[in-house]
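sequence first, predicted model second:
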Amino acid sequence: MVTYIDAASAPNRNTGVIRLHDAEAFDGMRRACQLTARCLDALAERVSPGVTTNEIDRFVYEFGRDHGALPATLNYRGYTKFTCTSINHVVCHGIPDDKPLREGDVVNIDVTFIVDGWHGDASRMYPVGQIKRAAERLMEVTYECLLRGIAAVKPGARTGAIGQAIQSYAEAERCSVVRDFCGHGVGRLFHDTPNILHYGRANEGPELREGMIFTIEPMINLGRPHVKVLSDGWTAVTRDRSLSAQYEHTVGVTATGCEVFTLSPAGLDRPGLPA
Ligand code: MF3
Ligand code: CO
Ligand code: CO
């Protein structure tokens, strides 16, 4: 049984009911998500060969600090960094370190800023210098998956419509969808009900209603979908070491479709790819 609750009267923890947010919440989310998007914009010219992911992490911390925001990942379930930086065959939750990025790498940078209690969660792929055509194609397919997932969002549809739109396109492009991680409700909580699967069928999952806010963040592989988590407890990699890509937006369901809160004000939603 799925239940929905007016977010303003719900307890501030994940109780398994789906929150329906009001206009004030949409406003708060717009502000948090736009700060996250501006930070991801600023990273576009900073990602290049020789830069370390710890330097990227530090930049994100300082950007947040200078704009009155805290990164949500710090101390989240024991995580100690401000971002996740996932390179090449790393699917997600890569931990920033002191290794320099190398020409030809592709890196996902995932940022979640908290502004006035609202969480703005987004990630993009960044090419490091000149990259191979296969990597570029995977990034194009993955962003298109995200756009098709977003296009499926409207009141009355089910969450499964998002998954079906993503899976059918990814597999038609001979890529695979990671099953082990999903999108999620977001707002005053970082990870809330419902889960947004990036695979499945349109008649599955809870019905979408106006006021719901969640992320869509497909992870798409060039090879097989299977992942494993390394001994650091975080870093998820493809088992076959094939290349993996991910883009993430935070969206809010409106009367007729959805609003994408994390759109880049600079048109840099797909850094390094033709607009
Ligand atoms: N930002 C990630 C997401 O999209 C979550 C990262 S949690 C961390 O949901 F602890 F790994 F940082
Ligand atoms: Co997320
Ligand atoms: Co994220």
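Received, thanks. Residues are numbered from 1 along each chain as shown. Ligands and ions are numbered 1, 2, ... in the order given.

dump the residue contacts of the residue lying closest to Asp192 once chain neighbours are set aside.
Distances taken as Cβ to Cβ, 6 or more residues apart in numbering put Gly185 closest to Asp192, at 3.4 Å, once the chain neighbours are dropped. Every residue, glycine included, has its C-beta placed from N, CA and C. By Cβ atoms under 8 Å, 6 or more residues apart in numbering, Gly185 lies in contact with 14, 18-19, 191-194, 212-214.

just give me the closest of those residues to Glu204.
Of all the contacts of Gly185, the one sitting nearest Glu204 is Pro194; the distance, using Cβ to Cβ, is 11.4 Å.

count of neighbours near that closest one?
Other residues within reach of Pro194, judged by other Cβ atoms under 10 Å, total 20.

what about Gly28, which helix or strand?
Element membership of Gly28, judged by DSSP states H and E, is helix 23-43.

repeat that for Gly163.
helix 159-172.

buried residues, that helix. List them.
Counting neighbours by 16 or more other Cβ atoms under 10 Å, one finds that the buried residues in helix 159-172 are 159-170.

direction included, what does the helix or strand that it is followed by pair up with?
Beyond helix 159-172 on the C-terminal side, the first helix or strand identified by DSSP H and E is strand 176-177. Using DSSP bridges, the strands paired with strand 176-177 in its sheet are strand 219-221 (antiparallel).

got the contact list for the strand it pairs with?
Where contact means Cβ under 8 Å, 6+ apart, the residues beyond strand 219-221 that reach it are 91-92, 138, 141-142, 145, 170, 175-178, 181, 198, 238, 242-246.

now a ChimeraX select for only the buried ones of the residues you listed.
A single ChimeraX command selects the buried members of the contacts of strand 219-221 (16+ other Cβ under 10 Å):
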select :91,92,138,141,142,145,170,175,176,177,178,181,198,238,242,243,244,245,246
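
quick revisit: of the contacts of Gly185, which is the nearest to ligand 2?
Of all the contacts of Gly185, His191 has the smallest distance to ligand 2: 7.3 Å, by Cβ to the ion.

which bits of the stretch 51-200 of the chain sit near ligand 2?
Contact residues, the stretch 51-200 of the chain versus ligand 2 (Cβ under 5 Å from the ion): Asp121.
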